[in-house]
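> Sequence first, predicted coordinates after that:
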Amino acid sequence: MKIIILGANQVGSALAETLSNEKNDITIVDEDSERLQELNDHIDARVVAGAPSHPSTLLQAGADDAEMLIAVTDSDETNMVACHVALTLYKVHRRICRIRAGSYTKSEKLFRVEGMPDIEIISPEEIVSDYITRLIDLPGSLQVLDFADGRVQLVAVKAFYGGPLVGQEIRLIRQHMPGVDTRVAAIFRKDRPITPEGSTVIEADDEVFFVAAQENIRACMGELRRLDRPYKRIMIAGGGKIGHRLASNIEERYQVKLIETDTERCAYLSENLHDSIVLHPGQQGILLGTVEAM
């Protein structure tokens, strides 16, 4: 596959190396010619120096017959413009765009044009904050992945003595929960994968991955371990993009306190968060009392 990667930063470099190793035809575009030369020395890829969103640069990179464009420069605006130019001028339909600013990702219409293929948006901060949110919503879970817009989830939990299904064969789960449709997808025992079968016995300390409808997840977890009480109070250390987004995700359902060392950032967070309490380390008395209360 002929793929153009915009941005020779850490993300772009890692993508180029991985995709090149898979025998794809890779072209990397960046304004930094020295960085491109370093990449060219150890990655089997073509490099083009120039403004990533400029039509002539994209044409030089081979956009007129490229099958995919991946825009991961450090500028959201450059990535969005490049994806638009690649489609409208060169008919590159498969486009992946990294967007970090939440003000852009909130508007789905921004990336949808009637009659045109949608841009695949990747927001690292959104992915991380949403993942942490799911772990907070399911105390005791090790991993949580959403499918079908969150209606179905893949959850990993550690099995403990006392769980009704611990020491039992997997097939008995239907007897324990006759009205629940769930599947054990994988088991890790002492860091080694086990292919689950009906006769497989779940042991204490196993990491069990199961799939179920979102509303049945806690019931399934209760078969493998004692359910932890839902969290009420959450403290977030750091008010960067991830901390801000995480607080925004959960502040309506939890009591959230966020600690940020930068005074200006604290002011920004206080204005843009609605129910969270933003604290600065300079407020020592308040901060110590808050930590003790948590």
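Great, that's in hand. Residues are numbered from 1 along each chain as shown.
> any low-confidence regions in the stretch 101-250 of the chain?
Residues of the stretch 101-250 of the chain that meet the criterion pLDDT under 70 lie in 107-117.
> In it, what residue spans correspond to helices?
Remark: helices assigned in the stretch 101-250 of the chain by DSSP state H, counting those that start in this stretch are 102-105, 124-137, 173-176, 217-221, 241-250.
> which helices and strands does the first one pack with?
What it means is helix 102-105. helix 124-137, helix 241-250 (3 or more CB pairs under 8 Å, 6 or more residues apart in numbering; DSSP states H and E). From N, CA and C alone the C-beta is placed, and that goes for glycine too.
> Dump it to CSV, keeping only the CA atoms.
C-alpha atoms of helix 102-105 as CSV (Å, rounded to 0.1, in the frame of the first residue of the first chain):
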residue,chain,number,x,y,z
GLY,A,102,-10.9,19.1,22.3
SER,A,103,-12.6,22.1,20.8
TYR,A,104,-12.2,20.4,17.4
THR,A,105,-13.1,16.8,18.3
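> Distance from the chain centre to that helix, please.
15 Å (CA atoms, centre = their mean, to the nearest Å).
> same check, this time on the third one
Averaged C-alpha coordinates place helix 173-176 at 33 Å from its chain's average position (CA atoms, centre = their mean).
> mind listing what's buried in that helix?
By neighbour count on 16 or more other CB atoms under 10 Å, the buried set for helix 173-176 is residue 173.
> ditto for the last one
Buried residues in helix 241-250, counted by 16+ other CB under 10 Å: 241, 242, 243, 244, 245, 246, 247, 248, 249, 250.
> Distance of the fourth one relative to residue 52?
Read that as residue 244. Residue 244 sits 27 Å away from residue 52, going by CB to CB, to the nearest Å.
> Also the third one?
From residue 243 across to residue 52, the span is 29 Å (CB to CB).
> Please apply the same query to the first one.
Distance of residue 241 to residue 52, given as CB to CB: 22 Å.
> Then residue 225?
From residue 225 to residue 52 the distance is 49 Å (CB to CB).
> same check, this time on residue 126
22 Å.
> If you count surrounding residues, which of these two has more?
residue 52 (28 against 19; other CB atoms under 10 Å).
> mind checking the SS state of that one?
Secondary structure assignment for residue 52 (DSSP: H, G, I helix; E, B strand; the rest coil): coil.
> can you give me the strands in the protein?
Along the chain, the stretches classed as strands by DSSP state E are 2-6, 25-30, 46-49, 68-71, 94-98, 120-122, 141-147, 152-158, 182-189, 192-194, 207-213, 233-237, 255-259, 277-279.
> Cool, thanks, talk later.
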